[in-house]
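> what follows is a predicted protein model with its sequence.
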Amino acid sequence: MNGFSSWLRNLGAKFSAGYRQFMMGRYGNDKLNMVILGAGLIMSLLSMFIHFVPVNLALVVLSYVLMGWAIFRTFSRNTYKRYQENRKYLMMVQRLKDREHRYFDCPRCHQQVRVPRGKGKIAISCPKCREKFIKKT
Ligand SMILES: [Zn+2]
C-alpha cells in the first residue's frame, strides 16, 4: 500500500512537472476565461432543460464553442493578445459598474475619456490630443 501511494505521489509530481513544461510560454487562465467558461456551463445546463430541438441544438453548439474558446485562450501562445482581450473585458465591466461617470471615446484618437454623469451637454476636451467634442452626459 505504501509503495502504491508513493508511486501515486511520484506520478502526480511527474504530471505537474509535465504540465508546467507544457504551459511554459502559454497564456493560462484569467477573469475573462472564467466568464466564458461560466457562460458555456450555463448554456449546457440550459440545454438539459430545454428540449425544443432548434434551441437545444443551438445551446449545445454554443456551449461547445464557448468552452473551446476558453481552452484555446488558456493554451494560446499569443499572450499579449489574450492579455489585451482580458483588459478590454475588465474595462467593459468597470464601465458598466460605474454609475457616476460616463465614458466616451475621443473621435480623433479613440482615447477613453471619463466624465461625471448628469451634467447635461458639456464640452469635453481629450486629455491626449486636445480634440474638443460636445456630449450629453
Ligand atoms: Zn483624442
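Done, it's in.
> distance from stretch 74-87 to the middle of the chain?
Mean C-alpha position of stretch 74-87 versus that of the full chain (C-alpha atoms, centre = their mean, to the nearest Å) differs by 10 Å.
> run the chain-centre distance for stretch 33-49.
Offset of stretch 33-49 from its chain centre (C-alpha atoms, centre = their mean): 14 Å.
> what does stretch 21-36 give?
11 Å.
> tell me which residues in it are buried?
Buried residues in stretch 21-36, counted by 16 or more other C-beta atoms under 10 Å: 27, 30, 32-33, 36. In this view, the C-beta of every residue, glycine as well, is placed from N, C-alpha and C.
> hmm, stretch 112-132 touching the ion?
Yes: on the criterion C-beta under 5 Å from the ion, stretch 112-132 is in touch with the ion at 126, 128-129, 131.
> put together a markdown table for these, with secondary structure, neighbour count and pLDDT on each row.
Converted to a markdown table, these look like this (DSSP: H, G, I helix; E, B strand; the rest coil; neighbours: other C-beta atoms under 10 Å; pLDDT from 0 to 100):
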| residue | secondary structure | neighbour count | pLDDT |
| --- | --- | --- | --- |
| C126 | coil | 19 | 95 |
| K128 | coil | 13 | 94 |
| C129 | coil | 12 | 96 |
| E131 | coil | 14 | 94 |
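> how about the residues of this protein by the ion?
106, 108-109, 111, 126, 128-129, 131.
> which residue is nearest the centroid of this structure?
L32 (1.9 Å; C-alpha atoms, centre = their mean).
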